[in-house]
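**Student:** Provide a 3D model corresponding to the input given below.
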Amino acid sequence: MRNEPEPLHLSCAQIKTLECAYKHERDRRFAERIQCILLFAKHYPLPQIKAILCVQIPTLKQWIALFRTHGLDGLRQWGYHGQPAALTDAQWAEVEAELERKCYTPDGLNLDFDSAILLSVRKLSSTGRQLIMIKIEFTPEEIDALEHERYHHPDPKVQKKMEVLYLKSQGLEHQEICRLCRISKTTLTTYLKQYQEGGIERLKVLGYAGQSSALDEHAPALEAYFKEHPPRTTAEAQQIIREQTGIERSLSQVRAFMKRLGMKYCKMGYVPGQAADPDKQAEQAAFQTQQLEPRLAEAQANQRAVLFMDAAHFVHGVYPTMVWCFTRLFMASPSGRQRFNVLGAIDAVTKKVFAVTNETYINAESVCLLLAQIAACYTGVPITIVLDNARYQKCDVVLRQAAALGIELLYLPSYSPQLNLIERFWRFVRKECLYSKYYPEFGGFKQAITDCIQTAHTKHRNELETLLSWNFQSFEKVQISTV
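**Tutor:** Numbers count the residues shown, from 1 in each chain. Take a look at the predicted model:
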């Protein structure tokens with residue numbers, strides 16, 4: 001390199017002396033100069049020494065020149081005198097007089113030295129420059145809080161603020177804090193003042209709001225359009241924004257804009273048949289409050305058994321869903337299309353399930369078999385079965401069998417699957433034993449469903465208590481899409 005100083009040729013004894021002096025030196029500045037001489041003597045280039053010590057190359061050259069001519073004594077005597085003082089000698093004389101008057105009592109006792117200095121210097125503020133002293137006392141609780149927040153706060157910018165204050169609490173010098181955290185002295189001063197103003201909570205406040213987006217002025221019009229025409233994908237929203245405003249934005253920017261509008265990416269629900277009709281909603285509400293809830297109250301008091309009945313048809317096929325994996329997985333599809341039919345009834349209180357199964361069809365005979373199975377289990381209490389209006393559940397054969405067994409059949413209003421608890425149970429069965437599960441044989445497929453139904457009220461009791469709670473969905477206040 002141009003203007004590189006001549007190499008230093010030191011003996012082993014000289015290097016050992018320098019290393020010993022570096023190891024035992026308490027003055028950090030003098031130790032830094034000794035380290036510079038050691039590195040240069042070991043043929044480190046000046047740019048590398050600059051990176052290690054964070055010292056400019058001209059300063060390194062001065063240290064090396066001083067060591068050549070005066071040795072260690074020259075390094076110790078060399079000093080940087082800094083910028084001119086903020087106060088003149090006359091002003092410092094006034095400060096000393098003020099200190100003499102304010103800091104000492106007639107008995108010679110020192111009162112508040114720091115506050116006296118601040119008062120004296122503020123008195124000389126006509127010079128346009130003030131001496132700012134930042135001194136913070138940290139309690140053990142505050143140090144523990146800083147230690148926790150510097151690792152666990154969700155925002156990395158706040159984590160950095162906490163790190164700065166934590167290092168300050170450990171007694172590090174400001175220059176060292178700036179070097180470790182890679183911040184300027186101005187930023188460090190800002191963080192310290194924020195902590196003085198409001199403690200840790202003030203450090204959590206980020207004042208930078210970012211630049212305004214060109215889409216913000218179109219936000220009301222786009223919000224109104226999206227309410228009438230909800231986009232199915234981000235790419236579709238991107239196309240709409242381009243057509244409506246002429247502004248091109250990336251998919252991530254479009255996604256962030258829609259979130260600022262308050263939009264969320266949700267799976268659409270559906271309303272059964274005519275359940276969106278106000279008259280039908282009134283009929284369902286009347287059924288729930290006047291017929292269903294009184295019977296459930298009796299069941300809760302052990303004065304009645306209430307069961308919900310319906311059929312499910314499980315096709316022997318594949319039910320692929322999302323899974324955590326290292327590479328995309330595929331499932332083999334069974335060759336046949338065999339169907340396993342289950343007519344079930346679930347107790348609203350105990351969650352016990354009664355079932356009749358076959359591989360052909362569910363009909364009135366299946367319903368009668370299930371009614372007999374339920375009647376044999378409950379003796380001495382009235383039985384109510386809540387069910388829909390399927391023909392095979394409402395025919396004369398079933399009505400006569402129910403009357404003979406003393407069972408009340410409570411038929412739901414039409415288009416009211418949300419009032420039948422067993423619909424939720426069938427979804428649970430599919431999730432538990434069918435989704436992303438492979439059954440090569442139909443026998444294994446049937447056995448998995450049967451085992452799940454028989455053990456659900458014991459093995460999954462806690463989960464069913466939450467899933468089959470008596471909170472029934474109402475469609476009175478939902479927003480219906482007309483697109």
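
**Student:** return the list of helices and strands in contact with the one helix or strand residue 241 maps to.
**Tutor:** For residue 241, the enclosing helix or strand under DSSP states H and E is helix 234-245. Helix 234-245 is packed against helix 219-228, helix 251-260, with contacts defined by 3 or more Cβ pairs under 8 Å, 6 or more residues apart in numbering; DSSP states H and E. C-betas here are computed from N, CA, C, even on glycine.

**Student:** so which of the ones you listed is nearest residue 77?
**Tutor:** If you check each of the helices and strands packed on helix 234-245 against residue 77 by Cβ to Cβ, helix 251-260 wins as the nearest, at 59.9 Å.

**Student:** chain center to the closest one, what's the gap?
**Tutor:** In this view, helix 251-260 has its centroid 18 Å away from the chain centroid, taken as Cα atoms, centre = their mean, to the nearest Å.

**Student:** and the contacts of that helix?
**Tutor:** Contacts to helix 251-260, defined as Cβ atoms under 8 Å, 6 or more residues apart in numbering, come from residues 213, 215, 219, 226, 234-235, 237-238, 241, 249.

**Student:** show me which pair in those is furthest apart.
**Tutor:** Checked with Cβ to Cβ, the contacts of helix 251-260 reach their widest spread between 219 and 235, with 20.0 Å between them.

**Student:** winner for burial among the helices and strands packed on helix 234-245?
**Tutor:** helix 251-260 (a mean of 15; mean count of other Cβ atoms under 10 Å).

**Student:** tell me the mean pLDDT over that helix?
**Tutor:** When the per-residue pLDDT values of helix 251-260 are averaged, the result is 92.

**Student:** can I get the CA coordinates of it in CSV?
**Tutor:** As requested, the backbone C-alpha atoms of helix 251-260 are provided in CSV (Å, rounded to 0.1, in the frame of the first residue of the first chain):
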residue,chain,number,x,y,z
LEU,A,251,-48.5,-9.2,-4.5
SER,A,252,-47.0,-8.6,-1.1
GLN,A,253,-47.8,-4.9,-1.3
VAL,A,254,-51.4,-5.6,-2.3
ARG,A,255,-51.7,-8.0,0.5
ALA,A,256,-50.4,-5.4,3.0
PHE,A,257,-52.8,-2.8,1.6
MET,A,258,-55.8,-5.1,2.0
LYS,A,259,-54.8,-5.7,5.6
ARG,A,260,-54.6,-2.0,6.2
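
**Student:** if I look at residue 472, how far off is residue 308?
**Tutor:** Distance from residue 472 to residue 308, counting by Cβ to Cβ, to the nearest Å: 11 Å.

**Student:** oh sorry, the question was meant for residue 148
**Tutor:** In this structure, residue 148 lies at 50 Å from residue 308, with Cβ to Cβ as the measure.

**Student:** please enumerate the strands of the chain.
**Tutor:** Counting by DSSP state E, the chain has strands at residues 305-315, 339-347, 353-358, 383-387, 407-411.

**Student:** using JSON lines, please lay out those together with mean pLDDT, distance to residue 170 and mean neighbour count.
**Tutor:** Conversion of the strands of the chain to JSON lines gives the following (pLDDT from 0 to 100; distance: least, Cβ to Cβ, whole Å; neighbours: other Cβ atoms under 10 Å):
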{"stretch": "strand 305-315", "mean pLDDT": "94", "distance to residue 170": "64", "mean neighbour count": "22"}
{"stretch": "strand 339-347", "mean pLDDT": "94", "distance to residue 170": "62", "mean neighbour count": "20"}
{"stretch": "strand 353-358", "mean pLDDT": "94", "distance to residue 170": "63", "mean neighbour count": "18"}
{"stretch": "strand 383-387", "mean pLDDT": "95", "distance to residue 170": "68", "mean neighbour count": "22"}
{"stretch": "strand 407-411", "mean pLDDT": "95", "distance to residue 170": "72", "mean neighbour count": "17"}
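
**Student:** looking at the ones you listed, which is closest to residue 459?
**Tutor:** With distances scored as Cβ to Cβ, the stretch of those nearest to residue 459 is strand 353-358 (11.9 Å).

**Student:** strand partners of that closest one, parallel vs antiparallel please.
**Tutor:** According to DSSP bridges, strand 353-358 has the following sheet partners: strand 339-347 (antiparallel).

**Student:** so which bits of the helix holding residue 241 are buried?
**Tutor:** Along helix 234-245, the positions that meet the burial threshold by neighbour count (16 or more other Cβ atoms under 10 Å) are 234, 237-238, 240-241.

**Student:** who's in contact with it?
**Tutor:** Around helix 234-245, the neighbours that count as contacts under Cβ under 8 Å, 6+ apart are 215, 218, 221-222, 225-226, 229, 231, 247-249, 251, 254-255, 257-258.

**Student:** and if you look at stretch 149-158?
**Tutor:** Residues outside stretch 149-158 that contact it (Cβ under 8 Å, 6+ apart): 159, 162-163, 166, 200, 203-204, 206.

**Student:** ditto for stretch 216-232
**Tutor:** The list of residues contacting stretch 216-232 from outside it, by Cβ under 8 Å, 6+ apart, reads 215, 237, 240-241, 244-245, 247, 258, 260-261, 263, 481, 483.

**Student:** those residues: which two are farthest apart?
**Tutor:** Maximum pairwise distance among the contacts of stretch 216-232 (Cβ to Cβ): 26.3 Å, between 247 and 481.

**Student:** check contacts around the spatially closest residue to residue 422 that is not a sequence neighbour.
**Tutor:** Sequence neighbours aside, residue 308 is the residue nearest to residue 422 in space, at 4.4 Å (criterion: Cβ to Cβ, 6 or more residues apart in numbering). Taking Cβ under 8 Å, 6+ apart as the contact definition, residue 308 lies against 345-346, 348, 385-387, 420-422.

**Student:** how far away is residue 308 from residue 409?
**Tutor:** Separation of residue 308 from residue 409 (Cβ to Cβ): 12 Å.

**Student:** shared neighbours of those two, anything?
**Tutor:** Overlap between the contact sets of residue 308 and residue 409, as judged by Cβ under 8 Å, 6+ apart, is given by 385, 387.

**Student:** what residues go with each domain of this protein?
**Tutor:** Using automatic domain parsing, the domains assigned to the chain come out as 12-77, 105-207, 216-260, 277-467.

**Student:** closest to residue 269 out of those?
**Tutor:** For the domains of the chain, proximity to residue 269 was assessed by Cβ to Cβ; domain 277-467 is nearest, at 10.2 Å.

**Student:** straight-line length of the closest one, end to end?
**Tutor:** Distances were taken as Cα to Cα, to the nearest Å; on that basis the terminal residues of domain 277-467 are 27 Å apart.

**Student:** picking that back up, for the contacts of stretch 149-158, work out which two are farthest apart.
**Tutor:** Among those, the pair separated by the greatest distance (Cβ to Cβ) is 166 and 206, at 18.4 Å.

**Student:** more crowded one of these two?
**Tutor:** When residue 166 and residue 206 are compared on other Cβ atoms under 10 Å, the one with more neighbours turns out to be residue 166, at 21 against 10.

**Student:** mind listing what that one touches?
**Tutor:** Counted by Cβ under 8 Å, 6+ apart, residue 166 has contacts 143, 146-147, 150.

**Student:** one more pass at 6 Å, please.
**Tutor:** 146, 150 (Cβ atoms under 6 Å, 6 or more residues apart in numbering).

**Student:** cool, and residue 319?
**Tutor:** Contacts of residue 319 were listed using Cβ under 6 Å, 6+ apart, and they are 434-435.

**Student:** next one: phi and psi at it?
**Tutor:** Summarising the backbone geometry of residue 319 under the convention degrees, to the nearest 10, its torsions are phi -130, psi 70.

**Student:** how close does it sit to residue 328?
**Tutor:** Residue 319 sits 17 Å away from residue 328, going by Cβ to Cβ.

**Student:** I am finished for the moment; much appreciated.
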